[in-house]
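A predicted structure for the sequence below; I have some questions about it.
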Amino acid sequence: MTVAELLDQAKAQGVMICTAESCTGGMVAAALTDIPGSSAVVERGFVTYTNLAKQQMLGVHAETLAAHGAVSEQVAGEMAEGALKHSDAQLAVSVTGIAGPGGSEFKPEGRVCFGLAAKGGPTHTETVEFGAQGRSNVRCAARDHALYLLSQGLVTLAQK
């Protein structure tokens with residue numbers, strides 16, 4: 001599904017979308033708002049690059065960050081849920097990861113965690129290992145995967 005098709009589907013379903021981004025720095029929201037008419041379905045985007053921003057803007061728990069780190073499915077889930085709570089959207093996607101360069105033995109470059117939350121439904125989280133393909137490539141791959149997750153979220157909402 002193209003971004004334009006995703007937006008058309010959201011509009012047809014009456015679904016507003018929001019994003020909560022860390023390593024992508026707003027690239028998901030930018031991809032959505034590059035399409036004319038996106039204001040009908042893009043409610044808002046949060047760029048929460050620091051742990052403090054994740055806590056203040058999205059309500060991510062300090063305990064979750066301390067226990068699992070910012071690059072974790074637990075934090076990605078709380079980011080997506082917080083985006084829904086702090087917006088009027090019905091569908092939220094979150095992205096947090098190590099775009100590079102660098103990383104560690106436990107959190108390598110290219111590891112990105114995603115969250116997808118929908119009003120009235122369970123939150124889905126997943127981790128994708130994009131590999132050490134360079135910062136720009138990891139960020140673009142993460143953006144594209146987040147858009148894919150939004151399209152899947154719309155399919156799930158349509159089935160309810």
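Ah, there it is. Just so it is clear, the model here is predicted, and its values are computed rather than measured.

can we go C-alpha only for contacts and neighbour counts from here?
Noted.

Residue 101 - how many residues pack around it?
Other residues near residue 101 number 13, with proximity taken as other Cα atoms under 10 Å.

what do you get for residue 125?
21.

and what of residue 67?
12.

Please give the element, helix or strand, for it.
helix 62-68 (DSSP states H and E).

what do you get for residue 55?
helix 51-58.

Which positions in that helix come out as buried?
Using 16 or more other Cα atoms under 10 Å as the burial criterion, the residues of helix 51-58 that qualify are 51, 54-55, 57-58.

How far does that helix sit from its chain's centre?
14 Å (Cα atoms, centre = their mean, to the nearest Å).

What lies in contact with it?
Residues from elsewhere that reach helix 51-58 (Cα atoms under 8 Å, 6 or more residues apart in numbering): 46, 48, 60-62, 65, 70, 78-79, 81-83, 85-86.

Mark which of these are part of helices, please.
Counting by DSSP state H, the part of the contacts of helix 51-58 found in helices is 62, 65, 78-79, 81-83, 85.

Turn those residues into CSV, including distance to residue 120 and neighbour count.
As requested, the ones in helices among the contacts of helix 51-58 are exported to CSV (distance: Cα to Cα, whole Å; neighbours: other Cα atoms under 10 Å):
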residue, distance to residue 120, neighbour count
62, 25, 15
65, 25, 18
78, 15, 25
79, 16, 34
81, 11, 26
82, 14, 22
83, 14, 31
85, 12, 15
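
what's the farthest-apart pair in those residues?
Spatially, the most separated pair among these is 65 and 85, at 18.7 Å (Cα to Cα).

Which residue lies nearest the spatial centre of this structure?
residue 94 (2.0 Å; Cα atoms, centre = their mean).

And that one, how close does it get to residue 36?
According to Cα to Cα, to the nearest Å, residue 94 stands 23 Å off from residue 36.

ok, residue 45 - contacts?
With contacts defined as Cα under 8 Å, 6+ apart, residue 45 is in contact with 18-21, 26, 29.
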